[in-house]
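K.L.:
Predicted model follows, preceded by the sequence.
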Amino acid sequence: MNLPVDFSRMMTALLGADDFESFKESLAQESPASIRLNPSKWRKWLRSGKPLPSVVPWCTSGVYLPERLNYTFDPLFHAGLYYVQEASSMFLEQALAQCLPSDKPVLMLDLCAAPGGKSTLALDCLPEGSMLVANEVIRSRSQVLVENLQKWGSPSFIATNSDSSCFSDLQECFDVILADVPCSGEGMFRKDPQSIAEWSIDAVEACWQRQRRIVGNVWPALKSGGLFIYCTCTYNIKENEENVSWICRELGATQMCLDIPEEWKISGSLGMDKSMPVCRFFPHRTCGEGFFLCVLRKDGESSQSVGGSPMRGGTYDRGRSLKQKRKITPQAAAVRTVSSWLGPIGEDKVIIDDGASSLFLFPKRWSEELDVFRKRLRVLQAGTSLGTVYGKDVVPMHALAMGTYVDKSAFPMEDLSLEQAVSYLHKGTVSLSGQHPRGFVLVTYRGVPLGFVKNIGNRVNNLYPQEWRIRTTYQPERFQVLDV
């Protein structure tokens, strides 16, 4: 691997000559393959599945695979049974598990969230009753974020497409902010050779300055006493230790220590202060790619403990509630219909009319916060879309099939073969057994919901979202699925 000369000099100075050679050799090796299972769906749909081979030690749902799969043609991947994620970045679980109380709901912001790996991980790790705001500033990437969140199946999220500056007015709002800031991408050299060609000292200079602007923009939105998780996928100290020191010095924060077993081989600080409690992943030491993470606590005492609703009784007008603002009551018949499609949802969730003939499932405790975000941010999606009202009819949304609360027995159901499932995901032709009445049919693969089709008698309409379809040429010989 031909590394940039300036990068080699920088890493030699940080690691030492011998360690740099081991590091360089690791970059020439194949990247480890890893996925993260969806605990809710895995337990619900595939309880009898056999154990997978190797577990990522710092993530309870992370799994190393013996070889990289062709995930494009695996229906279980498209059904949200697992997420393809680099193992080092799964370390976020430790930051949340060790630094948050387990019994108090929190409001968390994932500021630079696309494509959604850390957001879906946070949904699994946050205390029960919590809410995640997943934001992505780039429009095209924000759509991918929404897709992955919907496939994961939890209704406890709000996806937004806003610049970091838009969060400045939401003062003392979030209990936790994750800033996986755009970086020079040195930790991706092994996986993405193009990142090597794009690297330069000037790029590093531009990145650390942009990172400080992003952090400075969002800092007022973090509650006093709240957690700030700063991470990058790069190695240099300018974008890592020096930025952490700047946050502490200029914005006011205290670094937090994490309990890390020695056998995980996670490295510490490479900056002037070797005692800084930061976590570094190097490919020649850990089974993963390059990654940096530091947890900080914002100085000051919060007027409310972590887990309180940050906008109730806050410093600015939260606006009226959803029901008060719109004075819209969902049509009773439509609510009864979508309710019949769900299993038990508990008293903490509510079916809401968005004012545009759509119904969605959303945690009731966060409805007022959602109203505020809709006024301050560009909200793309909130919770699980259930159905759209057309006159007297209600059409089930694809997100309903992806949700963890769908009741499969509420619909006629057809279990597809692997070839049929991939054809469905390709938005191709789907054939039913002929035993179903006209109307909506839930199609599954190995009992796992994939989405809906509509049986209209002489043919079947494929209702898989056009924007989600598999675009790779239909190639049955390339089918490769997770063996469970």
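P.N.:
Cool, the structure landed.
K.L.:
which SS state does the residue nearest to the spatial centre of the chain fall under?
P.N.:
Nearest residue to the geometric centre of the chain (C-alpha atoms, centre = their mean): Ser119, 2.4 Å. Put simply, Ser119 is helix when judged by DSSP: H, G, I helix; E, B strand; the rest coil.
K.L.:
check contacts around it.
P.N.:
Asp110, Ala113, Leu132, Ala134, Leu145, Asn148, Leu149, Phe157 (C-beta atoms under 8 Å, 6 or more residues apart in numbering). Yep, even glycine has a C-beta here, placed from its N, CA and C like the rest.
K.L.:
Show me which of the residues you listed is closest to Val63.
P.N.:
Nearest to Val63 out of the contacts of Ser119 is Asn148 (C-beta to C-beta; 17.9 Å).
K.L.:
So which residues make contact with the helix or strand that Ala13 is a member of?
P.N.:
Counting by DSSP states H and E, the element that carries Ala13 is helix 5-15. With contacts defined as C-beta under 8 Å, 6+ apart, helix 5-15 is touched by Phe20, Phe23, Lys24, Glu186, Trp199, Ser200, Ile201, Tyr235, Asn236, Ile237, Leu270.
K.L.:
do the same with stretch 457-467
P.N.:
Residues contacting stretch 457-467 (C-beta under 8 Å, 6+ apart): 143, 147, 398, 424-425, 427-432, 438, 440-441, 450-454.
K.L.:
In strands, which of these fall?
P.N.:
Phe440, Val441, Leu450, Gly451, Phe452, Val453, Lys454 (DSSP state E).
K.L.:
Just the buried residues of these.
P.N.:
Applying 16 or more other C-beta atoms under 10 Å to the ones in strands among the contacts of stretch 457-467, the neighbour count classes Phe440, Val441, Leu450, Gly451, Phe452, Val453 as buried.
K.L.:
for the chain, what helix or strand is lowest in average pLDDT?
P.N.:
One helix or strand of the chain scores below all others by mean pLDDT, DSSP states H and E: helix 322-326, with a mean of 42.
K.L.:
quick one: the residue nearest to the centre of the chain from Cys173, how far?
P.N.:
With distances taken as C-beta to C-beta, to the nearest Å, Ser119 is found 18 Å from Cys173.
K.L.:
Ok, Ala253 next?
P.N.:
17 Å.
K.L.:
Tell me where the stretch 101-250 of the chain has strands.
P.N.:
Counting by DSSP state E, counting those that start in this stretch, the segments of the stretch 101-250 of the chain that form strands are 107-110, 131-135, 157-160, 174-180, 222-232.
K.L.:
what residues does the fourth one touch?
P.N.:
Okay, so that is strand 174-180. 89, 92, 96, 100, 106-113, 118, 122, 133, 214-215, 218, 221-223, 226-232, 306-307, 310.
K.L.:
what do you get if the cut-off is 7 Å, keeping everything else the same?
P.N.:
For strand 174-180, the external contacting residues (C-beta atoms under 7 Å, 6 or more residues apart in numbering) are 106-112, 118, 214-215, 218, 221-223, 226-231, 306-307, 310.
K.L.:
Leaving out chain neighbours, which residue sits closest to Ala79?
P.N.:
Val448 (4.8 Å; C-beta to C-beta, 6 or more residues apart in numbering).
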